[in-house]
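>>> model this:
(one chain, ligands or ions: 1)
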Amino acid sequence: MDWIRNKMNIEIKDMSSSDFREMSELWSESFPEMQLSASEFQKQFEEFGILPSECPVAHTPSGVAGFAIATDRRIPFIGSDPLPGCLACVVVGSKHRRKGIGSLLVKAAERQLMGKGVKKIRIGYPTYLRGTILSLIGVDIKWLGAVGFLQSLGYAPRRALDSMILPLENWQMPPEMVRKLESDSKDGITFAALNPAEENNIMSFLKHEFPGAWHDQFTDLLNANALNAKEVLIVKDQGKIAGFAGPFHIAPNGDTCGVGLGLAARLRGRGLGMSLVYSITDFVKKSGGRKLTLFGAVDKINYYGKAGFVPASTWLVFEKICPEAKQKTNG
Ligand SMILES: CC(C)(COP(=O)(O)OP(=O)(O)OC[C@H]1O[C@@H](n2cnc3c(N)ncnc32)[C@H](O)[C@@H]1OP(=O)(O)O)[C@@H](O)C(=O)NCCC(=O)NCCS
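Numbering: from 1, shown residues only. Just a heads-up that it's a prediction; the model follows:
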């Protein structure tokens, strides 16, 4: 991408590796709950394969003032829906705001995405991985500045995604649930991490019981060699797979989120759902998680609420149809 210099002496250039330290500082300042060290930040760029051209950086004479990440690249840790162009984040350092830098970055990001033929751009990236550079699933409804900013650039909210959380630091399995799990076990129902040798069994279970998005997502993870058995909790009935939860990925800050959870149809309505959600919590805490986050869970508040989850941020998914795409649609 050609760099842009405007009259305020701001240059927008493709990211270079010498920018990582300042970019990670701006990231951590803007998203204090998702702080990332420079090395972790750089590692994630490399692991996700984000190209320098996908990351316009704003330079001022005093250093890096902001950056954006714009990609249409699918990582394995997303659902199976089609992926539009994603403006995964746009960040401007607090002392550089309201000077037009955010707008310059978004325009540079849009040009880059449209150059690849993208017809629609969404703000945020739909991964279940928490605490990464791609983890903003949208815009928190409380970030009024960001909402005003995006509206000024022609983006409109299209969906709202609720979330529920359970802090794990002081969490303990309630004694009555310990007894319930013992009694489940006597009935032949057990909860334990996936045995890597049983990957084929979990895939046939999902194909049979949850043939849509969850089966597809596990298939994508498996194909990308990114299905970590230790992140999947398996329910067995008399030794045979009869339910699953996960994969649960623990972010560097301890935040944890998973793909899904479900029981075989024949096991539903027997109180095993509560055994499953408590087993998940125990499983994640023992694996080092410090917080569990669920998206789109409030409509099941009667289930998750009983296990201690409370409503948290609501995320707005903003979108914009690209001008070129609009012209084509109109004729
Ligand atoms: C959102 C953010 C990127 C905006 O960057 P910025 O450089 O300040 O934005 P601009 O100066 O280009 O603003 C352009 C227009 O957006 C609107 N806008 C920007 N910030 C706003 C605010 N806090 N409140 C209301 N409107 C705002 C205004 O219309 C503004 O034009 P004006 O200054 O002439 O009134 C910046 O505030 C930021 O980094 N916030 C933290 C990270 C974040 O929330 N990112 C969004 C989610 S990825």
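
>>> surely residue 99 meets residue 8?
Yes. Using Cβ atoms under 8 Å, residue 99 is in contact with residue 8, at 6.5 Å. Every C-beta, even on glycine, is put in place using the N, C-alpha and C of the backbone.

>>> quick one: which of the two has more around it?
Neighbours per residue (other Cβ atoms under 10 Å) separate residue 99 from residue 8, with residue 99 holding more: 16 against 13.

>>> any idea how far that one is from residue 174?
53 Å (Cβ to Cβ, to the nearest Å).

>>> likewise for residue 165?
To residue 174, residue 165 is 19 Å away according to Cβ to Cβ.

>>> now do the same for residue 80: helix, strand or coil?
coil (DSSP: H, G, I helix; E, B strand; the rest coil).

>>> let me know the helix or strand that residue 293 is in.
strand 291-295 (DSSP states H and E).

>>> so for that strand, what's the average pLDDT?
In this model, strand 291-295 carries a mean pLDDT of 95.

>>> helices and strands around that strand, which ones?
Judged by 3 or more Cβ pairs under 8 Å, 6 or more residues apart in numbering; DSSP states H and E, strand 291-295 is in contact with strand 156-167, strand 255-263, helix 272-286.

>>> repeat that for 7 Å
With contacts taken as 3 or more Cβ pairs under 7 Å, 6 or more residues apart in numbering; DSSP states H and E, strand 291-295 sits against strand 156-167, strand 255-263.

>>> distance to residue 36, mean neighbour count and mean pLDDT added to those strands, as TSV?
Below are these laid out as TSV (distance: least, Cβ to Cβ, whole Å; neighbours: other Cβ atoms under 10 Å; pLDDT from 0 to 100):
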stretch	distance to residue 36	mean neighbour count	mean pLDDT
strand 156-167	20	16	96
strand 255-263	12	22	94
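
>>> ok, back up a step: which residues does the strand holding residue 293 contact?
Residues outside strand 291-295 that contact it (Cβ atoms under 7 Å, 6 or more residues apart in numbering): 130, 137, 161, 163-168, 254-257, 281, 284, 304, 309.

>>> tell me the angle of it relative to strand 156-167?
150 degrees (axes from the mean of the first three to the mean of the last three Cα atoms, to 10 degrees).

>>> what pairs with strand 291-295, parallel or antiparallel?
Applying DSSP bridges, strand 291-295 is found paired with strand 156-167 (antiparallel), strand 255-263 (parallel).

>>> so which of those is nearest residue 70?
strand 156-167 (18.0 Å; Cβ to Cβ).

>>> what element comes up after the closest one heading to the C-terminus?
Next along from strand 156-167, by DSSP H and E: helix 175-186.

>>> right, and residue 150 touches residue 122 too?
No. Assessed by Cβ atoms under 7 Å, residue 150 is found out of contact with residue 122, at 10.7 Å.

>>> joint contacts of those two?
Joint contacts of residue 150 and residue 122 (Cβ under 7 Å, 6+ apart) are residue 318.

>>> helices along the protein, start to end?
Counting by DSSP state H, the chain has helices at residues 20-30, 38-48, 101-115, 144-152, 175-186, 199-209, 213-223, 272-286, 301-304, 323-330.
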